[in-house]
Each structure stands twice: as C-alpha cells, then as structure tokens.
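In: Please find the sequence and the predicted model below.
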Amino acid sequence: MDIGSDIPKIPNYKLSEQQFLLTHTDLTPEARKKIIEEVIDTIKAEHAAPYYKYLPTVVKDFPYQDSVYQQLASENAKEIEELKAKIKEAEGEEETELDVATTTTKLAEYYTKIIDRENATETFNKVLELAVGTGHKIDHYLTLARLDFFFNDLPQVRKDLDQVANLIEKGGDWERRNRFKAYSGIYSLATRNFAEAAKLLIDSLATFTSTELCSYEQIAHYAIVSGVISLDRVDLKEKIIDSPEILSIYSSAANLEPLLNLTNSLYTCQYNCFFEYLLQSYDKLLLPNKYLHPHANYFLREMRCKAYGQLLESYKSLSLKSMAANFSISEEFLDQDLCKFIPNNKLNCVIDKVNGIIETNRPDNKNNQYHLLIKQGDGLLTKLQKYGAAVKLSGAERVLQ
C-alpha cells in the first residue's frame with residue numbers, strides 16, 4: 001500500500017534498521033557485504049558525514065575511508081554555512097520571530113538529515129524557544145522522537161512524546177493526533193506494553209500516514225504482533241483477522257505470512273502447526289527487527305502459554321499424550337514447558353505424572369462475577385443517592401428564591 005506524507009523523511013529510518021542487522025544479527029558474509037554497500041550508498045546520497053564517522057564505532061568491520069568522510073564533511077560545511085548565513089540575515093533585518101524560526105528549522109532539519117544528533121537536538125531546542133505555533137512544536141518534537149528512535153534511546157523518546165501529549169491537549173489537529181498515535185504505539189511496542197501498543201497500532205492502520213517513521217507494512221507487522229499476544233479471541237477475530245487493513249496487505253506482504261498463519265492457527269485452534277508458525281515468526285519477524293528483538297524470547301514464551309491455556313479451557317482433564325499430539329511436540333517437552341507456567345499461576349492446571357493426566361483447576365468465575373456485580377451495584381447506589389441529594393438541594397434553593 002502506497003501511503004504518502006508531506007513530513008520530511010528524516011532521519012532515514014532504514015539506515016537504523018540496517019545498522020541493527022549489522023550489529024545484532026548473524027548474517028552470511030554475502031548478506032553483510034550487501035547491507036554495508038547499501039548503507040554507504042545511502043550515506044553518500046544524503047551526504048551524512050556525521051553518521052559515516054559514527055558507524056565504525058558500532059560496526060567493527062565497517063570499511064571507513066577518511067577521504068570519503070572529508071568529502072562528505074566538506075559538503076556539509078558548505079550547506080551549514082549557507083543556512084547559518086540565512087539565519088543571521090533574518091535576525092539582522094529584524095524579521096519576525098516566525099521567519100527566524102523557519103530558517104533555524106531548516107538548519108535543524110539538515111542536521112537531522114545528515115544524522116548529526118547533537119547539533120540537530122541543540123538546534124531544534126533553539127527553535128522551540130522561539131514563538132512558534134503549537135502545530136509546528138508538535139512536528140519538531142516528533143522529529144526529535146524519530147531521531148531518538150533512530151538511536152534506540154527509548155527514555156528520551158518517552159520525554160519527546162510526553163511533550164507532544166501536552167501540546168496536543170492544547171490543540172493538535174487530526175493529522176498530528178494520528179501521527180502521535182503511531183509513534184506512541186511503536187514506543188509501547190518497543191517497551192513491551194503490548195496491550196497499549198495493540199490499541200494504538202490497530203487504530204493507526206486506517207489512518208496511517210507516518211511514512212517518515214516506518215512503512216505501512218511495518219505498522220501492520222507491529223499491530224499483528226501486539227494484537228496476537230494481548231487480545232482475547234473475540235477481539236483478535238474482529239481487530240486482526242477480519243481487519244480490512246490487514247486483509248488488504250495479504251497479497252503484497254509475503255514476508256508477514258508466518259505471522260498471519262500464526263494468528264489464524266491460534267484462532268482456529270489448529271495447534272498441530274502452531275509451533276511451526278511460531279518459530280518461523282520468531283526467526284523471520286522478531287529477531288531481525290530492532291523493536292521486537294529484545295522481546296523475541298518473551299513473545300515465544302507467552303504465545304506458548306496462551307495456546308496451552310486456550311486448549312485447556314475446553315477440558316476438565318486431558319492426557320499429557322493427547323495434548324502433546326495436538327501440538328505435534330514430545331510429551332517430555334510439553335511436561336517441562338507446562339512446569340514453567342503452572343507454579344506462577346499462568347496456567348490453572350496441575351499435572352498428575354503418575355497417570356499422565358493434566359487436570360484443570362479454573363477459578364470459579366461465577367463467584368467472582370457475583371462479587372463484582374455486588375461491588376458495582378453498591379457504587380451505583382452511592383452515586384444515585386448523591387445525585388438525589390443534589391437534586392433535592394437544587395429544588396429547595398429555587399423554592400427559597
């Protein structure tokens with residue numbers, strides 16, 4: 001799906017993803033060489049001298065050449081000098097603060113484009129000190145958030161997004177609110193708040209325009225991951241499996257197939273192929289992703305627990321042999337795996353090893369629902385009594401008048 005945006009695509013998030021692959025994943029020599037060549041081509045095209053100098057500090061085999069750096073740095077210096085001259089001219093001619101802010105913004109965006117994080121942050125902070133409108137401030141903080149996402153500085157991303165949240169309360173428009181939703185969704189995903197990520201990212205699918213942050217296919221990828229792990233079966237069906245936006249990318253996003261198969265196998269209870277799709281998703285869609293890599297093992301564990309729990313809900317007791325056959329795994333593996341989840345009550349069952357039986361001991365939901373109803377009823381009665389007292393008082397005041 002081709003979705004455009006007028007927002008400058010700076011910094012180039014693909015460079016950050018390629019850097020992640022070079023530093024955190026096992027690549028074949030051919031694949032590694034190809035990625036490095038692509039990175040160098042992009043750096044040269046965007047004249048990103050600061051990033052070219054930074055890369056050897058994190059990618060040990062990066063083929064740095066000082067002559068290349070000097071050429072790129074020379075081009076940067078020329079452009080920066082021209083932009084600074086325009087800022088000085090705007091200040092000297094006593095232009096409005098808006099004109100000064102506009103010219104300073106261009107310098108900040110250029111620093112962002114060449115991935116000079118320190119100067120970009122410093123210059124944007126200067127822009128934000130000037131009297132610029134709420135909408136422009138939101139744009140600047142979102143650019144800073146992208147820069148901090150680029151370097152995976154999630155604590156700073158949180159600060160950027162908190163500033164945006166405060167500004168949006170004062171008057172962010174529809175388009176900026178939607179962009180903020182996508183940014184917040186990816187932040188929630190990166191910090192393992194999958195429930196919040198699912199809510200935000202699924203909502204973003206229908207209104208997504210933030211191609212400066214990631215592609216539409218990626219936002220769908222993140223929505224599915226966060227949804228399949230956090231949603232119940234009803235919501236999973238409605239918001240992921242039957243989602244028009246997800247359905248629309250089936251034919252064009254072949255690389256998401258393992259994840260889509262995993263989601264469908266969980267919902268349709270096709271447990272015999274569940275593990276196959278889970279491992280494919282782990283290898284192809286979680287480990288190579290900069291936001292999901294830290295949570296790949298957690299996802300693997302929680303999805304197994306979710307599938308086990310879903311199957312056990314249908315039985316009061318089930319043989320270990322039968323359950324293992326359902327998942328096409330060995331009894332030994334299943335026994336060991338269940339023992340990881342039972343002690344901390346993530347699965348409500350016990351294993352009778354003598355007879356090879358798994359017995360469920362689900363809590364009495366009806367009893368819990370009864371107590372919840374009583375509690376909510378008491379709360380409602382209290383509110384009604386307060387409302388009734390307020391109405392009587394109001395009526396008495398009118399009579400006295």
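Out: On my side now, so go ahead.
In: how far does the helix or strand hosting K33 sit from the chain's center?
Out: When elements are defined using DSSP states H and E, K33 is found to belong to helix 29-46. Its chain's average C-alpha position is 26 Å from that of helix 29-46, according to CA atoms, centre = their mean, to the nearest Å.
In: and it, what's its mean pLDDT?
Out: Looking at helix 29-46 alone, the average pLDDT works out to 97.
In: Next SSE downstream of it?
Out: Following the chain from helix 29-46 toward its C-terminal end, the next helix or strand by DSSP H and E is helix 49-54.
In: Could you export that next one as CSV, CA atoms only?
Out: Extracted C-alpha coordinates of helix 49-54, given in CSV (Å, rounded to 0.1, in the frame of the first residue of the first chain):
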residue,chain,number,x,y,z
ALA,A,49,29.2,12.7,7.1
PRO,A,50,28.5,12.6,10.9
TYR,A,51,26.8,9.2,10.6
TYR,A,52,29.6,7.9,8.4
LYS,A,53,32.1,8.7,11.1
TYR,A,54,29.8,7.3,13.8
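In: Give the next helix or strand downstream of that helix.
Out: The first helix or strand that comes after helix 49-54 along the chain, using DSSP H and E, is helix 66-92.
In: which residues touch the nearest residue to I35 once chain neighbours are set aside?
Out: When the adjacent residues along the chain are set aside, I35 lies closest to Q18, with 5.2 Å between them (CB to CB, 6 or more residues apart in numbering). Quick note: C-beta positions are derived from backbone N, CA and C, even for glycine. With contact taken as CB atoms under 8 Å, 6 or more residues apart in numbering, Q18 is in contact with 35, 38-39.
In: Which of those residues are buried? Put it as a PyMOL command.
Out: Typed into PyMOL, the line below selects the buried ones among those, using 16 or more other CB atoms under 10 Å:
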select buried, resi 35+39
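In: Closest one to S317 out of the contacts of Q18, please.
Out: Set against S317, the nearest of the contacts of Q18 by CB to CB is I35 (52.2 Å).
In: What residues does that closest one make contact with?
Out: Counting by CB under 8 Å, 6+ apart, I35 makes contact with 18, 21-22, 27.
In: at 7 Å what do you get?
Out: 18, 21-22 (CB atoms under 7 Å, 6 or more residues apart in numbering).
In: Give the buried residues for whichever strand or helix holds L161.
Out: In this structure, L161 is located in helix 154-171 according to DSSP H and E. Judged by neighbour count using 16+ other CB under 10 Å, the buried positions of helix 154-171 are 156-157, 160-161, 163-164, 167-168.
In: could the residues you listed go into CSV alongside distance to T207 and pLDDT?
Out: What follows is the buried residues of helix 154-171, written out as CSV (distance: CB to CB, whole Å; pLDDT from 0 to 100):
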residue, distance to T207, pLDDT
Q156, 26, 98
V157, 21, 98
D160, 21, 98
L161, 18, 98
Q163, 22, 97
V164, 17, 97
L167, 19, 95
I168, 15, 94
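In: Any stretches of the stretch 101-250 of the chain with poor pLDDT?
Out: 131 (pLDDT under 70).
In: what's the neighbour count on D352?
Out: Neighbour count for D352, taken as other CB atoms under 10 Å: 12.
In: what's in contact with stretch 264-281?
Out: Counting by CB under 7 Å, 6+ apart, residues outside stretch 264-281 touching it are 228, 233, 236-237, 241, 258-259, 261-262, 300, 303, 307, 311, 326-329.
In: in the stretch 251-400 of the chain, which spans are helices?
Out: 257-267, 274-281, 296-312, 320-327, 331-341, 365-400 (DSSP state H, counting those that start in this stretch).
In: Mean pLDDT lowest where, among those?
Out: Ranked by mean pLDDT, the helices of the stretch 251-400 of the chain end with helix 365-400 at the bottom, a mean of 58.
In: Please name the nearest non-neighbouring residue to C214.
Out: Nearest in space to C214, with sequence neighbours left out and distances taken as CB to CB, 6+ apart, is Y13 at 6.3 Å.
In: Please save the CA atoms from stretch 287-297 in PDB.
Out: These are the backbone C-alpha positions of stretch 287-297, laid out as PDB (Å, rounded to 0.1, in the frame of the first residue of the first chain):
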ATOM      1  CA  LEU A 287      14.800 -11.500  15.900                       C
ATOM      2  CA  PRO A 288      15.700  -9.300  12.800                       C
ATOM      3  CA  ASN A 289      13.500  -6.400  14.000                       C
ATOM      4  CA  LYS A 290      15.100  -3.600  16.100                       C
ATOM      5  CA  TYR A 291      12.000  -3.000  18.200                       C
ATOM      6  CA  LEU A 292      11.000  -6.700  18.600                       C
ATOM      7  CA  HIS A 293      14.400  -8.300  19.000                       C
ATOM      8  CA  PRO A 294      14.600  -7.600  22.800                       C
ATOM      9  CA  HIS A 295      11.200  -9.200  23.300                       C
ATOM     10  CA  ALA A 296      11.500 -12.200  21.000                       C
ATOM     11  CA  ASN A 297      12.000 -14.800  23.700                       C
END
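In: Show me what that stretch is in contact with.
Out: Taking CB under 7 Å, 6+ apart as the rule, stretch 287-297 contacts 16-17, 20-21, 24-25, 152, 186, 189-190, 192, 225, 282, 286.
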